[in-house]
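Peer 1: Sequence plus the predicted model coming up.
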Amino acid sequence: MERFRVDGAVFADCLFLIGQAWVTRALDDERGAAEDLAAAMALVPPGTVEMILGMIEDGDLPEPHPDAMDDWLESCRQAGAGDFRLTFVRVPAAPPRPQPPALPPRPVESEAEFLVRLRRVRLDAEARMADEQARLARGPRR
């Protein structure tokens, strides 16, 4: 398991860009919002920006709003001061499971061979059935 921490100043810049993208999108500038998110993604490990956006949507982080940015900017300030940290834990992927050994190829039987085998199976089943019928006819053992 590998742990590493994102530098506070970098995290603060990332948060600021995410907030800017959120507000830019609210003002109907999709292209500008995408550029801001791309810039934020360049600062942090993959998946971080998506995680932060999810935290905003879930209410775990304040929502950046064009008319009320104070709470969001406070989160940025806290990140820059090291009071709000971003730490990643990377769990190594499980090693691939070993594949079971391949079964030997089964010989392909012809239709004639299949019919011979089928007749043998049927004869064996009929013989077992006849034995059972004879046993039942004799009655219970004492």
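Peer 2: Received it, and whenever you're ready, just let me know what you need.
Peer 1: ranges for the helices of the protein?
Peer 2: In the chain, the helices defined using DSSP state H lie at 8-26, 30-41, 48-58, 70-81, 111-138.
Peer 1: tell me the mean pLDDT for the second one?
Peer 2: When you say that, I think you mean helix 30-41. Across helix 30-41, pLDDT averages out at 93.
Peer 1: Tell me which of the helices of the chain sits most buried.
Peer 2: Neighbour counts (mean count of other CB atoms under 10 Å) averaged over each of the helices of the chain peak at helix 8-26, with a mean of 21. For glycine as for every other residue, the C-beta is placed from the backbone atoms N, C-alpha and C.
Peer 1: How far does it sit from its chain's centre?
Peer 2: Counting by CA atoms, centre = their mean, to the nearest Å, helix 8-26 is centred 27 Å from the centre of its parent chain.
Peer 1: Which strands or helices does it pack on?
Peer 2: With contacts taken as 3 or more CB pairs under 8 Å, 6 or more residues apart in numbering; DSSP states H and E, helix 8-26 sits against helix 30-41, helix 48-58, helix 70-81.
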